[in-house]
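# Provided below for reference: sequence and predicted model.
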Amino acid sequence: MSSADQLQRFSFDGTNIRGEIAHLNDSYREVLARHQYPAVIARAVGELMAATALMSGSLKFAGRLTLQVRLTGSVSLLQAETNEQGQLRAIARYDEQLGDDELDFANGQLVITIEPEQGQRYQGITAIEGNHIGQALSDYFEQSEQLGSRFWLMCDGHSAAGFMLQKMPAAKEEDPDAWDRLTHLASTIKEEELLQLASEQLLHRLYHEEDVRVYPASALSFLCTCSQERIANALHQLGYEELQGIIAEQGNIAINCEFCQQLYRFEQHDVEQLFPERQQH
Ligand SMILES: [Zn+2]
């Protein structure tokens, strides 16, 4: 039984193929505890968090990686974020009338945004073909990065996990059949195996005939990056007059963080402090 929230990197000796396994237990449940998501949304959020965790291994600098699934039906947005330390958060926006139907990914887009603390923001967009976030991610890497990549994402509403294989660029392939062989074996993973087996057990079950190299695992956790200061910056963008209007109507400004539900309250004097230039007159 796997219980630690962690990202496990591995590679296959004699090939240019590497992989990651992400297990999300507490961090996923921290997200669920803050929202009453219908089951279908809860599972999709878990899969997207697992995908984000798998990709966090490629953040080699301080910054944020965001995966968004933008849809046109009763679910409009699924979003998961991570930083380079594997600290994750996620949200979903959807119509409260949503039934227990499958999510409709038709005409959907997967948007990948990478925001280094220092340096240029990058955004890539790919159409979602089929009904799987994992397929969309594989397509994205094939199209934009020209890297063979396959993603398997699973979530049972209690835990989430992801498995990724990626073919790195190589001058010469020592084992040209490896990609087909290794991805075929990965396709046999059952949901309960990916969710419940510890990474080394799973790798042994799939690849006991291969030379698998396992690296030290890194921790994954839930963390919301909201703060009074960030909310204040967002309020500042609305402008002094607009904020005064809200205070006149409601007495103060109360904002819940969409990710973690933390309440931030701004009184009249807080709003005055947001606009120091006004106080000089
Ligand atoms: Zn928050």
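All right, it came through fine. Residues are numbered from 1 along each chain as shown.
# surely L223 meets G86?
No: the criterion here is CB atoms under 8 Å, and L223 misses it with G86 at 9.2 Å. Bear in mind the C-beta positions are built from the backbone N, C-alpha and C, glycine included.
# count of neighbours near the closest residue to the ion within the stretch 1-150 of the chain?
Nearest residue of the stretch 1-150 of the chain to the ion: R89, at 7.1 Å (CB to the ion). Look at R89: counted by other CB atoms under 10 Å, it has 25 neighbours.
# chain neighbours aside, what residue packs nearest to R70?
Using CB to CB, 6 or more residues apart in numbering and skipping the chain neighbours, the partner closest in space to R70 is Q109 (4.7 Å).
# hmm, I was thinking of E210
Nearest to E210 is F12, by CB to CB, 6+ apart, at 5.5 Å.
# quick check: bridge partners of that neighbour?
Beta-bridge pairing of F12 under DSSP bridges involves V212.
# next up, the contacts around it.
Contact analysis of F12 by CB atoms under 8 Å, 6 or more residues apart in numbering lists 18, 178, 182, 207, 210-213.
# report the buried residues of the helix or strand containing the residue of the stretch 1-150 of the chain closest to the ion.
Following DSSP states H and E, one finds R89 within strand 87-94. Buried residues in strand 87-94, counting neighbours by 16 or more other CB atoms under 10 Å, are found at 87-92, 94.
# now, the most widely separated pair of those?
Within the buried residues of strand 87-94, Q87 and Y94 form the most distant pair, 24.5 Å apart (CB to CB).
# give me the buried subset of the contacts of F12.
The buried subset of the contacts of F12 (16+ other CB under 10 Å) comprises 18, 178, 182, 207, 210, 212.
# mind putting those residues into a markdown table with secondary structure and pLDDT?
Listed next are the buried ones among the contacts of F12 as a markdown table, based on DSSP: H, G, I helix; E, B strand; the rest coil; pLDDT from 0 to 100:
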| residue | secondary structure | pLDDT |
| --- | --- | --- |
| R18 | strand | 96 |
| A178 | helix | 95 |
| L182 | helix | 97 |
| Y207 | helix | 97 |
| E210 | coil | 96 |
| V212 | strand | 98 |
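# with distance to G46 added, can I get these in a markdown table?
Converted to a markdown table, the buried ones among the contacts of F12 look like this (distance: CB to CB, whole Å):
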| residue | distance to G46 |
| --- | --- |
| R18 | 24 |
| A178 | 30 |
| L182 | 25 |
| Y207 | 25 |
| E210 | 29 |
| V212 | 26 |
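# what are the boundaries of the strands in the stretch 151-281 of the chain?
Under the criterion DSSP state E, counting those that start in this stretch, the stretch 151-281 of the chain contains strands at 160-167, 212-214, 218-219, 221-222, 253-256, 263-266.
# how about the stretch 1-150 of the chain?
For the stretch 1-150 of the chain, the strands defined by DSSP E, counting those that start in this stretch cover 6-12, 17-24, 63-70, 75-83, 87-94, 109-116, 122-127, 149-155.
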